[in-house]
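Colleague: My questions are about this predicted structure, shown below with the sequence.
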Amino acid sequence: MDRLILFDIDGTLLTSNGASGLPFRRALETVFGTSGPAEGYSFAGRTDPQIARELLARAGVPAERIDSRLERVWDLYLQDLPDALAHAQITVLPGVPQLLDGLELEPTGILGLLTGNVREGARLKLEAAGIGFDRFAVGAFGSDHGDRPELPAVAIRRAEERFGHRFSGKSVVIIGDTPHDIACGEHLGVRTIAVATGHYELAALAACRPDFLFETLADTEAVLRAIFS
């Protein structure tokens, strides 16, 4: 086993067409009386705690008040999310089923998640899309740390503890659709694969200089070569 392959979820594996936005903002409003500015803020590539803190800070909510009440936000958000997903048009993005099937046949690769979603939110989204959460052996989530650059080390540590194998440098592969995904593992020297199936076009992702760049993940053989070359 010589590859730890860490997937982002939204915009990389699936799209829920913004289904999580309404329950997320509703939870903020219930707990804090505001969900921050309605326009001009993108959730893409950010962790759930980061989104909550930044929206509330823009509304003038003090940081200490935010931190003391965030757990209640997650309770309410996760309570409402299943219904929102049940009524959403959820799409598995091109090539994802074939790529995951191909990776599961590779004895040298370990499937994992690296996502800004809180863990239970990640599970609910994947299950709603028909992608089994348990297909991924390890993961790092927004509920582990609010700063995305901290998450690769969390996923690596969990993989090393579970499999007794050391992962470093280009043996760690991060696959995502935003500049945040590309940048979050730079300090660890990981391999980065960007895909333009989210909110960012090819040119914007190319400017971040990922190791590999794809319009979609539909060319399974090409993506597998990028992962294992």
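Modeller: Alright, I've got the coordinates.

Colleague: And the pLDDT for the spatially most central residue of the chain?
Modeller: A centroid search over the chain (C-alpha atoms, centre = their mean) returns Thr115, at 2.4 Å, as the residue closest to the centre. Listed pLDDT for Thr115 reads 97.

Colleague: Not counting its neighbours along the chain, what's nearest it?
Modeller: Nearest residue to Thr115 in three dimensions, chain neighbours excluded: Ile9, at 4.6 Å (C-beta to C-beta, 6 or more residues apart in numbering). To be clear about C-beta, it is placed using only N, CA and C from the backbone, and glycine gets the same treatment.

Colleague: Count the residues that sit near the one you found.
Modeller: When neighbours are counted by other C-beta atoms under 10 Å, Ile9 registers 25.

Colleague: could you list every residue that touches it?
Modeller: 113, 115, 117, 122, 125-126 (C-beta atoms under 8 Å, 6 or more residues apart in numbering).

Colleague: Closest one to His165 out of those residues, please.
Modeller: Leu113 (18.1 Å; C-beta to C-beta).

Colleague: correct me, but the closest one touches Phe7?
Modeller: Yes. Counting by C-beta atoms under 8 Å, Phe7 is a contact partner of Leu113 at 5.8 Å.

Colleague: Mind listing the shared neighbours of the two?
Modeller: Phe136.

Colleague: Gly45 contacts Thr115, doesn't it?
Modeller: No. The criterion here is C-beta under 8 Å, and Gly45 misses it with Thr115 at 10.2 Å.

Colleague: Mind giving me the packing neighbours of the helix or strand Gly112 falls within?
Modeller: Gly112 is located in strand 109-114, with elements delineated by DSSP states H and E. Counting contacts by 3 or more C-beta pairs under 8 Å, 6 or more residues apart in numbering; DSSP states H and E, strand 109-114 packs against strand 3-7, helix 96-104, strand 138-140, helix 151-163.

Colleague: What is the burial count for Thr192?
Modeller: 24.

Colleague: so it sits in a strand?
Modeller: Yes. Counting by DSSP: H, G, I helix; E, B strand; the rest coil, Thr192 is found in a strand.

Colleague: right, and it touches Asp181 too?
Modeller: Yes. Thr192 lies in contact with Asp181 (C-beta under 8 Å); the separation is 7.4 Å.

Colleague: so what sits against both of those two?
Modeller: Ile174.

Colleague: quick one: contacts for the nearest residue to Phe43 once chain neighbours are set aside?
Modeller: Closest residue to Phe43 apart from its sequence neighbours, by C-beta to C-beta, 6+ apart: Ile51 at 5.6 Å. Applying C-beta under 8 Å, 6+ apart to Ile51 gives the contacts 24, 43, 116.

Colleague: Over to Ile51. Which of the three states is it?
Modeller: Once three-state DSSP is applied, Ile51 turns out helix.

Colleague: Contact partners for Phe136?
Modeller: Here Phe136 is in contact with 7, 111-113 (C-beta under 8 Å, 6+ apart).

Colleague: Need the phi and psi values for it.
Modeller: Main-chain dihedrals, Phe136, degrees, to the nearest 10: phi -100, psi 120.
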